[in-house]
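In: no sequence for this one, just the structure:
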């Protein structure tokens, strides 16, 4: 089939008048910017162009809901990024509900207005992308949203004077919690019990201003791997035999084997119950 015939196929099965078919196909082709390909064979198109034809075949039927099941999974990374933008623009133009299934959390975060996070067939959380990122309800959601994923470290709740601390594993490093968060842990009976601390790589800092601000919430470790990504650097280290990642501003003078000190932004720390893995506070 040609592109036109492919997009018109569903309408022909419905016995739609030829004039209406032509009008709907041309309108869909205009929206998808594939008007110049209508007379071409599907075989002559690139992967991205074929995906647009598939979308066009759905658009001409004027559905109330679009269901897309991992439509970009077979495309290369550059084309996936382009098609993500195209589908977002299409959604804005059509003002129609899209239900989009994906295992790619980047697609979910960039394209979704509401995200349903599922595990083993059960819904874990339904929320906006930003709320999922900032207020995950459990460790699965916290680890699934964000790249690199959130750091998780087993900690013990301790009290020093009026301060509530999280001791990282068997290390000497502790994180001093804000007063209201510390009080919540005490009120819920977590003193001297183990909990899981979660902190995103972007909330682990090596800059002087953070080291001065969070003097009571610092760690020191040998850097195992440095990934220079142009706009940022990812630093991989081990804290109490647990992988820990810091996302910092790019510097050319950080090398594997260096010992560095980091401050943890305690305003952004998440704490989870170790047994249920449900959030205690964000």
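Out: Thanks, I have the structure now. Fair warning: this is a prediction, and the values are worked out from it, not measured in the lab.
In: Could you use CA atoms for every contact and neighbour count after this?
Out: OK.
In: list the contacts for the closest residue to residue 158 other than its chain neighbours?
Out: When the adjacent residues along the chain are set aside, residue 158 lies closest to residue 165, with 5.1 Å between them (C-alpha to C-alpha, 6 or more residues apart in numbering). By C-alpha atoms under 8 Å, 6 or more residues apart in numbering, residue 165 lies in contact with 157-159, 174-177, 182.
In: Type out the PyMOL command that picks the buried ones from the residues you listed.
Out: One line in PyMOL is enough to select the buried ones among these; burial here means 16 or more other C-alpha atoms under 10 Å:
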select buried, resi 157+158+174+175+176+177+182
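In: Tell me the secondary structure at the spatially closest residue to residue 274 that is not a sequence neighbour.
Out: Take residue 274 and drop its neighbours on the chain: the residue closest to it by C-alpha to C-alpha, 6+ apart is residue 195, 5.0 Å away. Three-state call for residue 195 (DSSP: H, G, I helix; E, B strand; the rest coil): strand.
In: who's residue 117 bridged to?
Out: Beta bridges link residue 117 to residue 125, judged by DSSP bridges.
In: For it, give me its contacts.
Out: Contacts for residue 117 (C-alpha under 8 Å, 6+ apart) come out as 123-126, 141.
In: Filter the residues you listed down to the buried ones.
Out: Among the contacts of residue 117, those buried by neighbour count (16+ other C-alpha under 10 Å) are 125, 141.
In: from the contacts of residue 117, which is closest to residue 28?
Out: Using C-alpha to C-alpha, residue 126 is the member of those that lies nearest residue 28, at 31.8 Å.
In: before we move on, the earlier item: sort out which of the contacts of residue 165 are in helices and list them.
Out: residue 182 (DSSP state H).
In: Next step: the contacts of residue 165 restricted to strands.
Out: Among these, the ones falling in strands (DSSP state E) are 157-159, 174-176.
In: Just the closest of those to residue 71, please.
Out: Checking the ones in strands among the contacts of residue 165 one by one against residue 71 (C-alpha to C-alpha), the nearest turns out to be residue 175, at 43.4 Å.
In: need the contact list for the closest one.
Out: Applying C-alpha under 8 Å, 6+ apart, we find residue 175 in contact with 165-168, 216-218, 264, 266.
In: same deal with residue 72?
Out: 80, 83.
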